[in-house]
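Pasted the sequence and its predicted model underneath.
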Amino acid sequence: GGKHLTPLEFHKALEETPAEEVILLDVRNSYEYSIGHFQGAIDPEMRHTVQWQKYVREHAAVLGEKKVMMYCTGGIRCEKASAF
């Protein structure tokens, strides 16, 4: 799985990593993304968490080349997403 970061660590990592070297994924559902998201965040266009595996498979080449940072509302989606 991924490494859990505190909000301060997350912010610092975003500031210190050049934009072209990071992919910022919002792993909430598309409705939550539409309400508000971090600048530059990608919406995987999921309605349900089970769609995450398909997104990763379809974007594996790009995701494997960069530092991937993700966020969600309560943490459980990130835990599940980073485990995959």
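Yes, it's here.

And stretch 9-22, what's buried?
For stretch 9-22, a neighbour-count test (16 or more other C-beta atoms under 10 Å) marks 10, 14, 22 as buried. C-beta: built from backbone N, CA, C; applies to glycine.

now what about it, what contacts it?
For stretch 9-22, the surrounding residues in contact (C-beta atoms under 8 Å, 6 or more residues apart in numbering) are 5, 24, 40, 66, 67, 68, 69, 71.

hmm, 10 Å instead?
Stretch 9-22 has contacts (C-beta atoms under 10 Å, 6 or more residues apart in numbering) with 3-6, 24, 38-40, 65-71.

Between those residues, which sits nearest residue 80?
Distance to residue 80, by C-beta to C-beta, is smallest for residue 70 among the contacts of stretch 9-22, at 10.5 Å.

Spatially nearest residue to that closest one, not counting backbone neighbours?
Distances taken as C-beta to C-beta, 6 or more residues apart in numbering place residue 25 nearest to residue 70, at 4.2 Å, with adjacent residues excluded.

What does the pLDDT read for the one you found?
At residue 25, the pLDDT value in this model is 94.

How many neighbouring residues does it have?
Close neighbours of residue 25, defined as other C-beta atoms under 10 Å, add up to 23.

hey, what's it bridged with?
Beta-bridge partners of residue 25, counted by DSSP bridges, are residue 42, residue 70.

Show me what counts as buried in the helix or strand of the chain with the lowest mean pLDDT.
Sorting the helices and strands of the chain by mean pLDDT, DSSP states H and E puts helix 76-83 at the bottom, at a mean of 73. Buried residues in helix 76-83, counted by 16+ other C-beta under 10 Å: 77, 78, 80, 81.

farthest-separated two in those residues?
Greatest spacing in these, by C-beta to C-beta: 78 and 80 (7.4 Å).

what pLDDT does the residue lying farthest from the centre of the chain get?
Distance from the C-alpha centroid of the chain peaks at residue 16, with 17.1 Å (C-alpha atoms, centre = their mean). Here, the pLDDT recorded for residue 16 equals 96.
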